[in-house]
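Asker: I'll drop the sequence and a predicted model, then ask my questions.
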Amino acid sequence: MDFELTLDARKQQILKAVVSDYTETGVPVGSVALAIKHLGSWSSATIRNELSTLVEIGYLLQPHASAGRIPSDRGYRYYVDFLMEEEQISAAVRRQVDPVFPTRPSAVEELLEAAAMVLAMVTDAVSIVTGPRALGAKLKHLDVVSLDAEHALLIVLLDGNLLQQHVFPLSVETDQETLSRISAELNRTLRGLGPDAIEALPPLPGDDAVTATLRAEIVAHVLLVMRSDGAGEDTVVIHDGVRNLLRQPEFGDVMRLRQVLDIVEEERALGQLLSSLHLGKAVQGVHVVIGAEAEVEQLRGCSLVLTTYRAGDAARGTIGVLGPTRMRYSQVSPRVRYVSQRVGQALERLLG
């Protein structure tokens with residue numbers, strides 16, 4: 001979005017006041033209310049003129065001629081980038097969040113579900129958490145389980161005890177005994193190697209053409225799983241707090257709510273959306289996606305506040321919330337960051 005037009009101090013103050021009032025009440029903001037609550041030293045006429053200018057340049061909207069003003073996506077963006085002052089994490093919030101992450105968590109999925117639950121609770125939005133991706137992991141163990149004569153389940157355990165599962169088709173029919181024999185051979189050969197080292201290995205000798213074909217297929221899918229961090233999408237998307245949307249007036253329209261829930265409930269679509277935002281390099285930063293910026297029609301009118309959690313050099317994942325664009329960004333952003341830090345620390349203890 002183009003922000004070449006810099007707002008002067010007066011317009012910044014008015015935009016900040018409109019965002020604050022509208023975020024709190026959900027009611028369009030008029031000049032009289034601004035004069036009373038925020039800008040008492042200015043006349044209503046002066047405020048009206050500045051509001052009209054902010055509408056003309058696209059930072060505010062006026063739903064109809066006699067209504068007050070509400071922030072546009074561009075207005076929210078300017079607020080988040082230049083005007084927002086993050087709130088401190090209160091002791092009360094810390095008391096809600098900290099006990100959720102035990103000193104010795106027992107399982108990754110249980111940890112992520114707890115993180116989703118508490119994040120939804122302290123942000124009053126829909127929380128989203130993806131499973132941890134391995135970073136430069138090496139193979140620790142693999143198993144191949146026959147599902148039927150033409151399909152198998154590949155189970156890959158990577159350094160850091162990250163477990164990945166992947167169903168794949170078999171080009172030739174086989175049985176569990178054959179798959180177990182090939183798995184044992186591959187474990188002896190590939191254990192402790194990264195994907196580049198596995199790919200560089202010469203073809204292994206096979207007892208027969210069928211064994212050689214199956215072995216090559218399994219190795220190809222092992223590489224696919226190990227490299228999913230660089231080319232794939234976020235997976236194992238866990239969410240909580242859908243009920244929080246029901247309390248927002250923006251989602252009083254059932255059809256509107258259903259459009260948003262279709263995205264939230266569709267794990268693959270949500271994973272692709274999160275991956276498309278390329279959050280990996282902003283480890284400690286919070287990334288705010290406002291309205292149309294997500295380029296998803298169903299999410300117009302919604303914002304995403306996201307960051308990444310990281311367990312040392314072993315793994316990272318995405319965590320954040322989805323809610324209406326009328327979101328308390330100054331409160332939500334630090335809370336998302338705080339929960340992400342707690343997730344990373346707990347995951348590091350679990351995987352270490």
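Answerer: Thanks, I have it. Here the structure is a predicted model, which means the values were calculated and not measured. Residues are numbered from 1 along each chain as shown.

Asker: for the stretch 101-250 of the chain, which spans come out with low pLDDT?
Answerer: 134-136, 160, 205-206, 228-236 (pLDDT under 70).

Asker: quick one, strands of it?
Answerer: 126-129, 133-134, 139-148, 151-158, 162-169, 238-240 (DSSP state E, counting those that start in this stretch).

Asker: return the most buried member of the ones you listed.
Answerer: Mean neighbours per residue, mean count of other Cβ atoms under 10 Å, is largest over the strands of the stretch 101-250 of the chain for strand 126-129, with a mean of 26. C-beta coordinates here come from the backbone N, C-alpha and C atoms, glycine included.

Asker: need the contact partners of it.
Answerer: 112, 115-117, 119-120, 237-242, 244-245, 264, 270, 274, 304, 306, 317-323, 343 (Cβ atoms under 8 Å, 6 or more residues apart in numbering).

Asker: cutoff 6 Å now
Answerer: 112, 115-116, 119-120, 238-242, 319-322 (Cβ atoms under 6 Å, 6 or more residues apart in numbering).

Asker: for stretch 79-89, buried residues please.
Answerer: Using 16 or more other Cβ atoms under 10 Å as the test for burial, stretch 79-89 gives Tyr79, Val80, Leu83, Met84, Ile89.

Asker: span of it from start to end?
Answerer: 20 Å (Cα to Cα, to the nearest Å).

Asker: from the chain's centroid, how far away is that stretch?
Answerer: Relative to the chain's own centre, stretch 79-89 is displaced by 20 Å; criterion: Cα atoms, centre = their mean, to the nearest Å.

Asker: ok, now stretch 55-67?
Answerer: Computed by Cα atoms, centre = their mean, the chain-centroid distance of stretch 55-67 equals 32 Å.

Asker: for stretch 297-315, same thing?
Answerer: 2 Å.

Asker: CA atoms only: put that stretch into CSV for me.
Answerer: Output of stretch 297-315 as CSV, limited to C-alpha atoms (Å, rounded to 0.1, in the frame of the first residue of the first chain):
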residue,chain,number,x,y,z
GLU,A,297,-12.1,-12.5,-0.2
GLN,A,298,-13.7,-14.3,2.7
LEU,A,299,-11.3,-12.4,5.1
ARG,A,300,-12.2,-8.9,4.0
GLY,A,301,-13.1,-7.2,7.3
CYS,A,302,-10.8,-9.4,9.3
SER,A,303,-7.2,-9.0,10.5
LEU,A,304,-4.5,-11.4,11.4
VAL,A,305,-1.9,-10.7,14.0
LEU,A,306,0.9,-13.3,13.7
THR,A,307,4.3,-14.2,14.8
THR,A,308,6.6,-17.3,15.0
TYR,A,309,7.6,-19.4,18.0
ARG,A,310,11.0,-21.0,17.9
ALA,A,311,12.6,-23.9,19.9
GLY,A,312,16.3,-23.1,19.6
ASP,A,313,17.7,-24.1,16.3
ALA,A,314,15.5,-27.2,16.1
ALA,A,315,12.0,-26.0,15.1
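
Asker: so what's Arg74 up against?
Answerer: If you count contacts by Cβ under 6 Å, 6+ apart, then Arg74 has Gly58, Tyr59 around it.

Asker: report pLDDT for it.
Answerer: Note for Arg74: predicted pLDDT of 95.

Asker: and what of the one 5 residues further on?
Answerer: On the pLDDT scale, Tyr79 is placed at 96.

Asker: which residue sits closest to it, ignoring its sequence neighbours?
Answerer: Leaving out its chain neighbours, the residue that sits closest to Tyr79 by Cβ to Cβ, 6 or more residues apart in numbering is Val19, at 4.7 Å.

Asker: so what's the residue count around that neighbour?
Answerer: Counted by other Cβ atoms under 10 Å, the residues lying close to Val19 total 26.

Asker: now the helix or strand it falls within: mean pLDDT?
Answerer: Per DSSP states H and E: Val19 is located in helix 9-25. Helix 9-25 carries an average pLDDT of 94.

Asker: for it, buried residues please.
Answerer: 11-23.
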